[in-house]
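Colleague: test case, fold it:
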Amino acid sequence: MTSSTSSRSPRLSTSRALARLFPFVRPVMPRIALGAVSALAASLLSLGIPLVLESVVGGPLSSGDPAQLAWGAAGVLALGLLEAVMVWARRWFVLAPAARVEYELRVGIYGRLQRLPVAFHDRWQSGQLLSRMMQDVGVIGRWLSFGLVLLVVNVITIVAGTLVLFRWHWLLGTVFLVCSLPLWIAGYRFEKRYGALARRSQDQAGDLATSVEESVHGIRVLKAFGRGHHALQRFARQAELLRETELDKARAVGLIWFWLVLLPDIAFALCLAAGIVLIQLGEIDVAALFAFFAMATVLRWPMESIGFLFSFLLDARTATDRVFEIVDEPTTVADPDDPRMLGRVRGALAFEGVRFRYQDAAEGERDLLDGVDLALRPGETMALVGLTGSGKTTLTTLPGRLYDVTGGRVTIDGVDVRDLSLDELRANVGMAFEDATLFSQTVRENVLLGRDDVDPFGSDGEAVLREALAVAQAGFVDALPDGVDTVIGEEGLSLSGGQRQRLALARAVAARPTVLVLDDPLSALDVDTEALVEEALREVLADTTALVVAHRPSTVMLADRVALLRDGRIDAVGTHAELLRGSEHYRHVISSLEAEEAAEKAGEAAEGHVAAAPLAEAGASGPAAPTPEPESDADPGIRDRIDPQKEATR
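Modeller: Numbering: from 1, shown residues only. Have a look, this model is predicted:
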């Protein structure tokens, strides 16, 4: 999802938008209030200094009494010290609560992302999510700890100080007030312009984060095709757009600062002229004029800070809008209000008139799954075959409710999966995907991801781990630097494709589900390793209902029956032999799979021939070179790629 395509709710006012943070702020509101009181006390103490100065100038300074002058100086010093203490108290009160709100927001957003359906993540770029989680939440936290308190206090200070100015003479106060009114007009115009710029800037920052993430994850592809320069040019164009937006923001802030600095200076000049005239007329004395300008000087910083605090307010409002775009996203795949229980699970899986279309499908376009009817008996292994684009992978996402059907239903033991709680459903339905995803954790943690009921380091956890690794032929993990406790790097990219797939399969096997859905989980394995895995899988699948997407004839042989998917519908169901006899389309599909498998074997044979040539030459001239270990045992150089930092310290 890009900033230009995001769906947004009607824009709220700034106050109503920021009020949505209140549930997160409520627990720490007392401390934030104490911080505001401390800041207000500091501000009022600063307003008291001009009043003391007036008494000093009009009294001991005029009379030359050193004792009274010392008392006046001590009073100013005491007010200054108390002001400093209040400033410290303000920081002490608000910093910890603001950090707590940041924590709650980040945890809340992350939890929301876990609950949102896969369809949401299909639409949103990960960089946009990351920028909201980190950058926008950080802006909100800083505004709560600094901007909110100072904005409220400075506005109160300006109002209170302006009223005090009228104490010395109404004309001086009126001139100062009239000169400050254009500031509010400029502030209103500033909000209109800066709010749009702030939103555009933060969206563009999210797009930039997405580009960085994509290029980092796709660095192998960029290097393989020599497209690093192209990626750099694309990134530079996006960075330039962000730079231009930031310059527009700077111009807007610069313009409001121009008025914030100029208008107080004009007010000072006019008040000075008026004050001199008033002294000549005998309506005020020098002490009063001195105190007036001292008070006006105290008010200058709060007035000048309004521009910065106003822009900070709009940044926080924009950040809040962006964060709540995630919070407001509807959770379409959720627990039912009154979930049913499966009881003793047999594992009968059925698709009844299932229809499905992706949310971005064009209007009038035929459903990707167009009335699928398929029933798997308890403990049965069903192979799912079909040409590319027939809907095989989409069908495998429905039993575990990664997506919800748009028509018909999917049932387990006759119960619609939408009537089950997600926890119970996913405890009984395990999945392994063709695109194996691993986490930056240890092998042990990755494989036992779905087993909260066992201690990963206990004897029961070790038994489950070893059994799953044995089924997946993943013995190569013992050759890693720390064995099963080796941290395997981001997304497991330090492993080969076949090794990642075997660990993903081991994870699905370790979960011991009643229904196992395998979306071509062996596609990256060589033929020999696949045969070993399939032999081990036969034992695992003996009492498990399994739906297996097959892209190799050998995978089809695992199944009790085969379902042929064609144009979004089940075209035929039967044993492999029955379909070969009775379905021309099935013969076409199988022949295409056999052709692909033959091509793979030819490629492996060619690689073996090339590798054998130097060994033969070495045998003729001297001792034979050691035979390299197969991939199923250990990937060459895996120790260096798994932990380069450890290797560097050897």
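
Colleague: ok, and the closest non-adjacent residue to residue 486?
Modeller: Nearest residue to residue 486, sequence neighbours excluded (C-beta to C-beta, 6 or more residues apart in numbering): residue 480, at 4.0 Å. The way it works is simple: take the backbone N, C-alpha and C, and place the C-beta from them, glycine included.

Colleague: give me the neighbour count for that neighbour.
Modeller: By other C-beta atoms under 10 Å, 23 other residues sit near residue 480.

Colleague: hmm, residue 494 and it touching each other?
Modeller: No: using C-beta atoms under 8 Å, residue 480 is not in contact with residue 494; the gap is 9.5 Å.

Colleague: domain assignment for this structure?
Modeller: According to automatic domain parsing, the chain comprises the domains 22-327, 349-435+514-594.

Colleague: who's in contact with the residue nearest to residue 48 when sequence neighbours are not counted?
Modeller: Nearest residue to residue 48, sequence neighbours excluded (C-beta to C-beta, 6+ apart): residue 79, at 5.4 Å. Counting by C-beta atoms under 8 Å, 6 or more residues apart in numbering, residue 79 touches 45-46, 48-49, 52.

Colleague: any chance of these in JSON lines, plus pLDDT?
Modeller: Converted to JSON lines, those look like this (pLDDT from 0 to 100):
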{"residue": "45", "pLDDT": "87"}
{"residue": "46", "pLDDT": "86"}
{"residue": "48", "pLDDT": "83"}
{"residue": "49", "pLDDT": "81"}
{"residue": "52", "pLDDT": "80"}
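
Colleague: what's the closest of those residues to residue 197?
Modeller: Ranked by distance to residue 197 (C-beta to C-beta), those are led by residue 46 at 33.3 Å.

Colleague: name the helices or strands packed onto whichever strand or helix holds the closest one?
Modeller: Per DSSP states H and E: residue 46 is located in helix 29-58. Secondary-structure packing of helix 29-58 (3 or more C-beta pairs under 8 Å, 6 or more residues apart in numbering; DSSP states H and E): helix 66-115, helix 148-168, helix 286-327.

Colleague: for the stretch 151-300 of the chain, what are the low-confidence residue spans?
Modeller: Filtered on pLDDT under 70, the stretch 151-300 of the chain yields the residue ranges 217, 220.

Colleague: which residue ranges form the helices in it?
Modeller: For the stretch 151-300 of the chain, the helices defined by DSSP state H, counting those that start in this stretch cover 170-217, 219-224, 228-280, 286-327.

Colleague: deepest-packed of those, please.
Modeller: Mean neighbour count (mean count of other C-beta atoms under 10 Å) peaks for helix 286-327 among the helices of the stretch 151-300 of the chain, with a mean of 21.

Colleague: helices or strands up against that one?
Modeller: Counting contacts by 3+ C-beta pairs under 8 Å, 6+ apart, helix 286-327 packs against helix 14-19, helix 29-58, helix 66-115, helix 137-142, helix 148-168, helix 170-217, helix 228-280.

Colleague: tabulate those helices (CSV), appending distance to residue 514.
Modeller: As requested, the helices and strands packed on helix 286-327 are arranged in CSV below (distance: least, C-beta to C-beta, whole Å):
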stretch, distance to residue 514
helix 14-19, 47
helix 29-58, 48
helix 66-115, 23
helix 137-142, 40
helix 148-168, 53
helix 170-217, 34
helix 228-280, 45
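
Colleague: go through the helices and strands packed on helix 29-58 and name the closest to residue 201.
Modeller: helix 286-327 (8.3 Å).

Colleague: can you give me the angle that closest one makes with helix 29-58?
Modeller: Helix 286-327 and helix 29-58 meet at an angle of 160 degrees, taking axes from the mean of the first three to the mean of the last three C-alpha atoms, to 10 degrees as the criterion.

Colleague: now the domains of the chain as CSV including distance to residue 446?
Modeller: Formatted as CSV, the domains of the chain follow (distance: least, C-beta to C-beta, whole Å):
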stretch, distance to residue 446
domain 22-327, 18
domain 349-435+514-594, 12
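
Colleague: quick one: closest of those domains to residue 337.
Modeller: Using C-beta to C-beta, the nearest of the domains of the chain to residue 337 is domain 349-435+514-594, at 10.1 Å.

Colleague: tell me the contacts of the nearest residue to residue 302 once chain neighbours are set aside?
Modeller: Closest residue to residue 302 apart from its sequence neighbours, by C-beta to C-beta, 6+ apart: residue 154 at 3.9 Å. Counting by C-beta under 8 Å, 6+ apart, residue 154 touches 43, 302, 305-306, 309.

Colleague: Serialize those to JSON lines and add fields for pLDDT.
Modeller: Formatted as JSON lines, the contacts of residue 154 follow (pLDDT from 0 to 100):
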{"residue": "43", "pLDDT": "86"}
{"residue": "302", "pLDDT": "84"}
{"residue": "305", "pLDDT": "80"}
{"residue": "306", "pLDDT": "78"}
{"residue": "309", "pLDDT": "83"}
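
Colleague: so which of those is the closest to residue 393?
Modeller: Looking across these and measuring by C-beta to C-beta, the closest to residue 393 is residue 309, at 52.3 Å.

Colleague: can you give me the distance of the spatially closest residue to that closest one that is not a sequence neighbour to residue 186?
Modeller: Nearest residue to residue 309, sequence neighbours excluded (C-beta to C-beta, 6+ apart): residue 151, at 4.4 Å. Distance from residue 151 to residue 186, counting by C-beta to C-beta, to the nearest Å: 16 Å.

Colleague: repeat for residue 487
Modeller: Here residue 487 is placed at a distance of 55 Å from residue 186 (C-beta to C-beta).

Colleague: neighbours of the spatially closest residue to residue 312 that is not a sequence neighbour, how many?
Modeller: Among residues not flanking residue 312 along the chain, residue 147 sits closest, at 4.1 Å (C-beta to C-beta, 6+ apart). Residue 147 has 21 neighbours, counted by other C-beta under 10 Å.

Colleague: try residue 343
Modeller: Applying other C-beta under 10 Å, we find 8 residues neighbouring residue 343.

Colleague: one step back: for residue 442, see how far away the residue nearest to residue 486 is.
Modeller: 10 Å.
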